[in-house]
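K.L.:
what's the 3D shape of this:
(chains A and B)
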Amino acid sequence: MSDPKIEGFELKPGFKGMAKDTGSDQTMFKGVHWGKAMMWIFLLSDTFIFSCFLISYMKGRGSTLIDWPNPSEVFGLHVGGVDVPLLLIAIMTFVLITSSGTMALAVKYGYEKNRKMCGWLILATAIGGLTFVGMQAFEWSKLISEGVRPWENPFGAPQFGSFFFMITGFHGTHVTFGVIFLFIYAYKTFKGHYDEGKRGWFTTMKGDYVEIEILGLYWHFVDLVWVFIFAFFYLW
Amino acid sequence: MSDDYENKTGYQAQSSETISSGGSGRSGTASDIDYVRPAENAEQDLYHGHSFITKWVFCQDAKVIGVQYFLLATFTGVIGLILSWLMRLQLGFPGAAGFMTAEHYYQFVTMHGMIMVVYFLTALFLGGFGNYLIPLMVGARDMVFPYLNMVSFWMFFIAVGVLLASFFVPGGPTGAGWTLYPPQTILEGTPGSGWGILLMCISLILFVAGFTMGGLNYLITILQARTRGMTLMRMPLTVWGIFTATVLAMLAFPALLVGALMMTLDKVLATSFFMPTILKAGEVLEYGGGSPILFQHLFWFFGHPEVYIVALPAFGIVSDLISVHSRKNIFGYRMMVWAIVVIGALSFFVWAHHMYVSGMNPWFGFFFATTTLIIAIPTAMKVYNWILTLWRGNIRLNVVMLWCLGFIVTFVNGGITGIFLGNVTVDVPLSDTYFVVAHFHMVMGIAPLMVIMGAVYHWFPLVSGRFLNETLGKWHFWITFLGAYSIYFPMHYLGFIGVPRRYFEMYDSPYVTSAVGMNEFISMAAFIVGAAQFILIYNIIKTLKTGKPAGHNPWQANSLEWLTPSVPPEHGNWGEKLPVVHRWPYDFSVPGAKEDFITQTTPPSEVIETEVEKT
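P.N.:
Just a heads-up that it's a prediction; the model follows:
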């Protein structure tokens, strides 16, 4: 994206420019769509939620009396006679990160007003997300079938189950909501709502391709959070 | 920035000098010095309601939503007030209320605390005043996301419904104290450990979700939807207070959400996030391995910023009220802004001063005592600035001003006891006594409440177009002010002699003899102060129809909310054209000016012979 043009106001790069924008009237983030600014601030708030979850997890893991189970064994898969540690989770992470790539492309084609490509890429992102949720459901059912529950865990500390189901569940809920919105946005893109500036279903705001970028911000955030969950839960 | 533009703004930037003799070397014509950049934002499309439901119930107008928040928060506040009456009845006259058992007492304590802090004060300041005042004060037509704003209120409505429903479930509401400390919160034997705590957690989660929607609106409206000429440093301090408080809320409520969610799982799924191994009657419970201290950290990471979520809007509002009613610019505006921001930032580094006796590492206590006492610096700065604003001002000693003065005195009182409690060595013996109760009621109960009252008397003419009755207002003020001190001053003494808080009854302890008379006195004062609040409700109902019409700008204020084409303002606020702002809102008693106030929309060319401040 190129810098926006603001009448009577010259945008300057760097820290000085930032200070000047902050000191100016009307808007602090020049040329930034209201919805986009909102999403950034929402994500900041959401970051605090996930931080609280992960810090609680560290504290919980540090204060249990029973040993924490070894994640490479618990999350390992038995494929073709060999035990492969973290196989499923590696695939899940790969799929989710790839979907971030398709999302970024969708945003690019959106700004180029390439309705078809944009729509298909959003759809691809949605399918990536759906695959991720599906694999997570598989992982959950595998662990449940092995006897892991939120309140107990045959491999070690019961808090393992509690934190695992709570944090991945909360993240999975985020992904699920993202997928729902991706499908809605794909529909709206194919219908051309963003080309003709059709108003939203509940709001008086006119449709614009910037909405895809806003959803993209959310989607990238969910991926980024997953990287942290992956690091803290599966690699530690 | 082009040179041309620099010159034009440079023209206004003549600090306290007569502009006509300004040094830019250009003879300013009116059009030149009045220049304000063209609008960046497109005109906002608003959904105008047509039916009763879309106009007054599911309404997207921030002003109506503000009033809705105000009314619902006041309703919950009255419930909190009645609960406090019942508690005082038991404490002052044990056994006078026949139905009152220890369980009921704990439930009332808990619900009183939670209602007053979260569902009354937070909702009133941010939901009520925030919604009504932000768009008007920054010159926007409405909040930036009106639909989301509406949903925010109805989430709050459901949250209140769920909270109040807990009075009617088996076991009643939770009685664990408003801090909800595990493990006792969810163990049998604590009142409301079944349904009560569950509904409390759900209600809190809903409140946080609803608040997030509102908070995003407040922030983006302030950051991205100000009118032409409205810079951040030209905003009234009310907006600064609400803005910073909203930032705090957006970052602090997540901790509460996570704590409530984990508590819910502990209750429903028998996880052990917060539950250590517990022996009960010789049997080991199914819980084990969790950390109760973790909940305390999560709770107070929310809980301490929450104090400032309530206090900062109060600081902001009271600054504006004092400035308008003493006809002087607020002393040290920039200092006031930075003090608000610094207090907000520091409030995230002090939470464990609520946990000195929780058994955490003593070095933590040292650290948190230091950060806590540092907060006294920006806070004291604000108090000095309020006093210096009053100094040599043309003070109108009306009801609004009385509430403001009451606030300053009360806040200083509560702040000084805060220095006692902020130090670990002094806090340890005072911890869990009535001294703590007296401290936090003074500083975050009575003080912000006084600001709310002042703000109601100040802005009622804007909301309704009529003045509230001054005589009733003065009765209301004096009874509340003297009564509040009758309640809380003796409580400090009770704390010093060691009377513990949250005790249903003192039985035959030696406290009884020395504290009985005082407890009776406190209770009598509490009944009178509580009853006095109904004077305000009567006043509002009466003057809504018969009060003296206020007309435009009745207080001769400068800020934008008084400059709407119609009073009360209509949906869209500004009629045809948005206002253009040329100055800060504190140009009172400017030497050389025709009147003793210059509104924010007055262009420089009209005040060319005066010594206006550079803003």
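K.L.:
the longest helix anywhere in chain A: how far from the chain's middle?
P.N.:
Of all the elements of type helix in chain A, the one with the most residues (DSSP state H) is helix A:158-191. Taking Cα atoms, centre = their mean, to the nearest Å, one finds helix A:158-191 lying 8 Å from the centre of the chain it belongs to.
K.L.:
who are the packing partners of it?
P.N.:
Helix A:158-191 makes packing contacts with helix A:34-63, helix A:115-145, helix A:210-229, helix B:237-268 when contacts are defined by 3 or more Cβ pairs under 8 Å, 6 or more residues apart in numbering or on different chains; DSSP states H and E. In this view, the C-beta of every residue, glycine as well, is placed from N, C-alpha and C.
K.L.:
just put these in JSON lines and tack on distance to B:V590.
P.N.:
Compiled in JSON lines, the helices and strands packed on helix A:158-191 are given as follows (distance: least, Cβ to Cβ, whole Å):
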{"stretch": "helix A:34-63", "distance to B:V590": "36"}
{"stretch": "helix A:115-145", "distance to B:V590": "56"}
{"stretch": "helix A:210-229", "distance to B:V590": "44"}
{"stretch": "helix B:237-268", "distance to B:V590": "19"}
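K.L.:
for the stretch 401-550 of chain B, just list every one of the strands.
P.N.:
Taking DSSP state E, counting those that start in this stretch as the criterion, the stretch 401-550 of chain B contains no strands.
K.L.:
and the stretch 151-300 of chain B, by the same measure?
P.N.:
Counting by DSSP E, counting those that start in this stretch, the stretch 151-300 of chain B has strands at residues B:279-280, B:283-284.
K.L.:
can you list the strands that the first one pairs with?
P.N.:
In the sheet, strand B:279-280 lines up against strand B:283-284 (antiparallel) (DSSP bridges).
K.L.:
run through who's touching the strand it pairs with.
P.N.:
Residues lying outside strand B:283-284 but in contact with it, judged by Cβ atoms under 8 Å, 6 or more residues apart in numbering or on different chains, are B:T277, B:I278.
K.L.:
now do stretch A:216-224
P.N.:
By Cβ under 8 Å, 6+ apart, the list of residues contacting stretch A:216-224 from outside reads A:36, A:39-40, A:43, A:46-47, A:96-97, A:99-100, A:103-104, A:106-107, A:125, A:129, A:171, A:174-175, A:178, A:181-182.
K.L.:
redo that, cut-off 7 Å
P.N.:
A:39-40, A:43, A:46, A:96-97, A:100, A:103-104, A:107, A:125, A:174-175, A:178 (Cβ atoms under 7 Å, 6 or more residues apart in numbering or on different chains).
K.L.:
excluding covalently adjacent residues, which one is nearest to residue 124?
P.N.:
You didn't pick a chain, so chain A it is. When the adjacent residues along the chain are set aside, A:A124 lies closest to A:T102, with 4.5 Å between them (Cβ to Cβ, 6 or more residues apart in numbering or on different chains).
K.L.:
you looked at the wrong chain, it should be chain B
P.N.:
Counting by Cβ to Cβ, 6+ apart, B:A73 is the residue found nearest to B:L124 once chain neighbours are left out, at 4.2 Å.
K.L.:
after the strand or helix carrying the one you found comes which helix or strand?
P.N.:
Secondary-structure element containing B:A73, defined by DSSP states H and E: helix B:62-92. Following the chain from helix B:62-92 toward its C-terminal end, the next helix or strand by DSSP H and E is helix B:102-114.
K.L.:
which other helices and strands does the helix or strand just after that next one contact?
P.N.:
Using DSSP H and E, the helix or strand that directly follows helix B:102-114 along the chain is helix B:131-138. With contacts defined as 3 or more Cβ pairs under 7 Å, 6 or more residues apart in numbering or on different chains; DSSP states H and E, the secondary structure elements packing on helix B:131-138 are helix B:62-92, helix B:195-224, helix B:237-268.
K.L.:
let me know the average pLDDT across the lengthiest helix in chain B.
P.N.:
Ranked by residue count and defined by DSSP H, the top helix of chain B is helix B:511-546. Computed over helix B:511-546, the mean pLDDT rounds to 91.
K.L.:
show me the shaky parts of the chain.
P.N.:
All of this refers to chain A. For chain A, applying pLDDT under 70 flags the ranges A:1-3.
K.L.:
to clarify, I was referring to chain B.
P.N.:
Applying pLDDT under 70 to chain B flags residues B:1-31, B:507-512.
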